[in-house]
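J.: sequence first, then the predicted structure:
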Amino acid sequence: MVTSKPKFSKKTCLLTNDVETHSIWYNRLRDETGEKVLTEGMPILLDLYAKYNVKSTFYFTGYIANLYPDVVKMIIKDGHEVASHGYSHEVNQAFDVLSALEQFEHLKKSKDLLEQISGQEVISFRAPALRVNEHTANALIEAGFKIDSSVASQRFDMFLSFGGLKKLNWLNAPRMPYRVDANDIFKKGKSGLVEVPLSALGFPYVGTTMRLFPLITAIQRHILHAENAFNNKPIVFGIHPNEFLEEGNGNRTIHRRSKNYIKYLLMDVLRGKMKIKNLGRKAIPLYEREIEFYHKLGYEFITVKDYCKNVGLIS
C-alpha cells in the first residue's frame, strides 16, 4: 500500500466499460447477446479507442469471459486493462445480497479466470449494477484487488435500480479518489483498497444518460471539465458495448426480474422502456462526441490502474 499523499494530475479521462451478457432490448441476460458483444459491440468500442489513442479499462463478468474468452483477449494488444465485473450479473447474486464468503468466492473465481485468459494481473473491480455492501471492501482486499470503481458519488437515480437503499450512500461519498474504510466502502479510511468513483452530477455520467438525455450530458461534461481545472478530479465515464447493439425492432416483452410489483414497474418496465432510446448504432456518434470533447482539450486517456499508479494511490 502507498501511504504518501496522492498527487492528482490535471486533464485525465478514464473511459471505462462493463462487459456482460445483459441485453438492454430484452432486459435479461442472454448468451446470444454475449456473442453480439464479442462480434459487434467490442469492435465498435475498440475502433473508437484506437482512433483517439485511448487506453481504457474493461470490467468483464467471469460468465462472459468463460463463454467467450476472445472477448477478453481482443483488448490486450491495444494496451487496455483487464478488470473484473464479478462472476455473475444475475440480480439474485449481486454483491449487496451476498455474504462476505460468497463475495470472496465470486471475486476469486472471476480474478483467477480473467488472469488465466489474459496473462495479466487483475487488480481492478466494479460491482455489477454498482451493488455493494459492508462486506465488499474486505472481500476485495482478501481476494487481492487493489482498486474498486463501484461508487457513483452524488448520483441520484438509485430508485430506478436494484439495491437502491444502499446506494443512498452515494450522496455522501467522497468525489475524489480515496483509500476506503475496510468496513465501509463509501468512506475514506486507511485500507489498501482505492476507490475511483464514477463521475456523477445528480445523473450518472454514463452511456445511459448520454443516450437518453444528450443535453444533460453536454452540461455534465462542461461542469466536470471545470471541476477538473479546479481540483484535478479525473473524469470517469462508464459505458457498455451492448449499448451499440441492434438486437430487435417492433414489439418486445420486458423480462420481469423481481416479484415485487413496485420494483417491477420502476426497474423493469419504466427503466426498460427508457433505456432503448438511441440504442444501437445511434449511440456511436454520441459517444464519439464525448471522446472528442476531451481529446480537443488535451486530456490523457489512460486505464484506471495506470491512473492510480501515476498519482501514487498504488505502487
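T.: It's in.
J.: just give the nearest non-adjacent residue to residue 142, would you?
T.: The shortest distance from residue 142 to any non-neighbouring residue, by Cβ to Cβ, 6 or more residues apart in numbering, is to residue 104 (5.5 Å). Placement of C-beta: from N, CA and C, glycine included.
J.: got the contact list for stretch 198-215?
T.: For stretch 198-215, the surrounding residues in contact (Cβ atoms under 8 Å, 6 or more residues apart in numbering) are 16, 130, 149, 151-157, 170, 216-217, 220-221, 223-224, 235-240, 243, 274-275, 277-279, 282-283, 286-287, 290.
J.: swap that for stretch 180-190, sorry
T.: Contact with stretch 180-190 is made by 132, 134, 136-138, 141, 148, 150-151, 169-170, 172-174, 178-179, 191, 193-195, as judged by Cβ under 8 Å, 6+ apart.
J.: what subset of the contacts of stretch 198-215 is buried?
T.: Taking 16 or more other Cβ atoms under 10 Å as the criterion, what is buried in the contacts of stretch 198-215 is 16, 130, 149, 151-155, 157, 170, 217, 220-221, 224, 235-240, 243, 275, 278-279, 283, 287, 290.
J.: pLDDT weak spots in the stretch 151-300 of the chain?
T.: The stretch 151-300 of the chain contains residues with pLDDT under 70 at 158-166, 249-274.
J.: now the strands for it?
T.: 178-181, 184-188, 194-195, 200-201, 203-204, 235-239, 300-301 (DSSP state E, counting those that start in this stretch).
J.: distance check, residue 106 against residue 14.
T.: From residue 106 across to residue 14, the span is 24 Å (Cβ to Cβ, to the nearest Å).
J.: the more surrounded of the two?
T.: residue 14 (28 against 23; other Cβ atoms under 10 Å).
J.: part of a helix, is that one?
T.: No: per DSSP: H, G, I helix; E, B strand; the rest coil, residue 14 lies outside any helix segment and is strand.
J.: wait, what's in contact with the residue nearest to it when sequence neighbours are not counted?
T.: Of all residues beyond its chain neighbours, the one nearest residue 14 is residue 236 (4.7 Å), with distances taken as Cβ to Cβ, 6+ apart. Residue 236 sits next to 14, 16, 149, 196, 197, 198, 199, 205, 304 when contact means Cβ under 8 Å, 6+ apart.
J.: the fifth one and residue 144: what is the separation?
T.: According to Cβ to Cβ, residue 197 stands 22 Å off from residue 144.
J.: please apply the same query to the second one.
T.: Residue 16 sits 20 Å away from residue 144 when distances are taken as Cβ to Cβ.
J.: for the first one, same thing?
T.: The spacing between residue 14 and residue 144, counted by Cβ to Cβ, is 22 Å.
J.: what's the burial count for residue 103?
T.: Residues contacting residue 103 under the criterion other Cβ under 10 Å number 26.
J.: heads up, I number from 56, so please use that
T.: All set: I'll call the first residue 56, so the last point we hit is now residue 158.
J.: who's in contact with it?
T.: By Cβ under 8 Å, 6+ apart, the contact set of residue 158 is 150, 190, 191, 194.
J.: now do the SS call for it.
T.: Following three-state DSSP, residue 158 is assigned to helix.
J.: ok, and the closest non-adjacent residue to it?
T.: Excluding the flanking residues, the one nearest residue 158 by Cβ to Cβ, 6+ apart is residue 194, at 3.8 Å.
J.: equivalent analysis for residue 276, please.
T.: Counting by Cβ to Cβ, 6+ apart, the residue nearest residue 276 is residue 348, at 5.5 Å.
J.: show me what counts as buried in stretch 156-172.
T.: Within stretch 156-172, the residues that count as buried by 16+ other Cβ under 10 Å are 158, 159, 161, 162, 163, 164, 165, 166, 168, 169, 170, 172.
J.: just the ones in helices from those, please.
T.: Secondary structure defined by DSSP state H assigns 158, 159, 161, 162, 163, 164, 165, 166, 168, 169, 170, 172 of the buried residues of stretch 156-172 to helices.
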